[in-house]
Structure formats: structure tokens, C-alpha cells
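K.L.:
I need the structure of the sequence given here:
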Amino acid sequence: MKTVVSCVDKFEQLCPVAAAALNAHGWTLIDNLHGYPYDFTRYQEALSQADVVIAGIEQWNAKRFELVPNLRMIVRFGTGVDTIDQQEAHVRGIEIRRVIDGNTNAVAEQTIALMYGLLKHIAELDRTTKQGLWYRPMCQELSGKTVGFLGFGRIAQAVAAKLQTSDVEMVAYDVLPNQEAADRYSVKLQSLEDVLGHSDIVSLHLPLTHVTEGLLDETRLVSMKPGALLINTARGKLIDQKALVEQVLNGHLGGAALDVFDEQPLSAVNNLAVLDRIVCSPYISSRTEESMSRTGATVVSHIQSLL
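P.N.:
Numbering: from 1, shown residues only. I've put the predicted structure just below:
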């Protein structure tokens, strides 16, 4: 029997075509029907049978790999593999695959939506208007702003492409700068300090590594342009969340929009809940019907390569 265990919640609902393709090719799919975070205890018996795991953002370390003695491949349902101990997987002969481009457009669109959401106070206006309040703050236009990217890979480039007609200046920092892509989208490559100091909107598109974890600490947040907005659709631990709250509270930063957090899911009592100018969403940037279809198809192609 060929067994695929999905740690991604309700894979069969998210990717029905992909799930049907797996079944058609003789794979048995054991789905995660209980949501996030993945319940390793509940599914321990299923994991013991797994030839392939479809991984979400749960942690895979030596202890977890002990639960999957027959595992041949782990397919990350997305781009980042920072939650997988790659060295341990290599020692055990487990191949790691990921989906490079499945969610690029979805995350790029969400990034721009969050920019507009902050500039136009959308979440705040929705809440107050429904309460019967006629709260009419002064909003801002995207036109004329400087948008800075931290990380200029596929997703940041897709955002830059979509902003071509928005009358914005774009700058970017990347440890491996791609001058050809920067020229294509009229983006100026700069140092980290210059991007933070001159951008009206800073958008994060970095992987989480030992170098980037906590990159935006208190010192770097203070170095940002007064009134700047911060968008994070990448990884929560790139930012010192406590320091971010402080810089929004004291008025140095104009606001932030976060789709990812240092701990997920957020606790019911958290230091973000009191701030209208920090807009939150539950790690949903990549979650569109279209991106799920693309991602599911790539997951199946990876799994089929084992045959």
C-alpha cells in the first residue's frame, strides 16, 4: 500500500482534483480533519504507515521523524522549509520537495490588499461603521509613496509587477541582489538601512533563517521612516513583535498588517488586540482557490516521481 498523510488541514477539500489524482494512481490519502496545529498524537498510527507526508507549517524534527519510519518523501505545501530539519531528513534518506510558484500570485495580491487596507483604514472603518459610529479619519493614497521590499524573490517581484501603474517608487534589499529583475520592474537595489530609512511602506518577503530571525528588532524598527507602514506575509519571527507594538503605540510607525506571527495561532489574549493600526489575518495570504489548485497539482507531481 502507498500511503500519503496530509498534515495540511482538509487537503481533500482544498485540492479535490489533486486528491482524486492521488487516489487514481493508487495512493491512499489520510487527511488531517482536525485543523491546525497538526495533532501528531491523534494521527500517530497513520504516520507510522506514511510513505509521503504533505507538510504544512508544523515542525519536523528528529523526534517527529521517529513517528514516520517508512517515510520516503516530505512535500512542503508551499515554499518555506524552515520548519523541517533538513539535515535530519537527509540522514534518514528522506527527500524534501516544495512548491515554488503555487502561491506567488496569491501572496502578491494579498500583500497589495494589506497595503491598501492600512492606507484606507479598511478594518477600522468596517468595525466603527457597523457600530453606528460616523468615524471618518484622513486616509492616504498609495500613489507617490516609496515601497521597500526586504527580500526580492518571486513574490516581491510579483508585487513589483502589479505596482507598475501605481505611480510609486520601489526599492529593495536582498542578500543576493538580482539586478536583472530589479531593472525589469524599475526597482532600485539598496542597503537594508536605506530601505528601512526611506520607505513609506516596507514589505517583508524573506525566508526564516538563523540570520533573518528577529531581523526587524527594536533598533531597526526605530530606524524606519516615521509614519511608515509594515507588511508581513512572510514569517512572523522576522519581526520582534513586542517592539513592533511599542513603535505603533508610541506613534513612530503608522501601522502594520500581519498575516504571520511569532506564535501561531495567536492566543485569545495578545498584545496586538488593542491596536486598530495593526491589522491581522490568520496566515491566509496563500489561501485562494486558484493557488490551492496549482499547489495541489505540483504536490501530486512530486509524489508521482517516487513511482
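K.L.:
now the stretch 151-300 of the chain, which segments are flagged as low pLDDT?
P.N.:
Within the stretch 151-300 of the chain, the stretches with pLDDT under 70 are 274.
K.L.:
Which parts of it are helices?
P.N.:
For the stretch 151-300 of the chain, helices defined by DSSP state H, counting those that start in this stretch occupy the ranges 154-162, 179-184, 192-198, 218-222, 241-249, 289-304.
K.L.:
got the buried residues for the first one?
P.N.:
Using 16 or more other CB atoms under 10 Å as the burial criterion, the residues of helix 154-162 that qualify are R154, I155, A156, Q157, A158, V159, A160. In this view, the C-beta of every residue, glycine as well, is placed from N, C-alpha and C.
K.L.:
Likewise for the longest one?
P.N.:
Neighbour-count burial for helix 289-304 flags S291, M292, R294, T295, G296, T298, V299, V300, H302, I303 (criterion: 16+ other CB under 10 Å).
K.L.:
residues contacting the residue nearest the centre of the chain?
P.N.:
The centroid of the chain falls nearest to A234 when counting by CA atoms, centre = their mean (3.7 Å). Listed by CB atoms under 8 Å, 6 or more residues apart in numbering, the contact set of A234 reads G151, L204, H205, L206, P207, L208, V260.
K.L.:
Equivalent analysis for G214, please.
P.N.:
Residues near G214 by CB under 8 Å, 6+ apart: K237, L238, I239, D240.
K.L.:
rewinding a little: what about the residue nearest to the centre of the chain, distance to G132?
P.N.:
Distance, A234 to G132, by CB to CB, to the nearest Å: 37 Å.
K.L.:
quick one: contacts for the closest residue to R98 other than its chain neighbours?
P.N.:
Once flanking residues are discounted, R98 sits nearest to R76: 4.1 Å by CB to CB, 6 or more residues apart in numbering. With contacts defined as CB under 8 Å, 6+ apart, R76 is in contact with A55, I84, I96, R97, R98, V99.
K.L.:
Please tell me how far R76 sits from I201.
P.N.:
Taking CB to CB as the measure, R76 falls 29 Å from I201.
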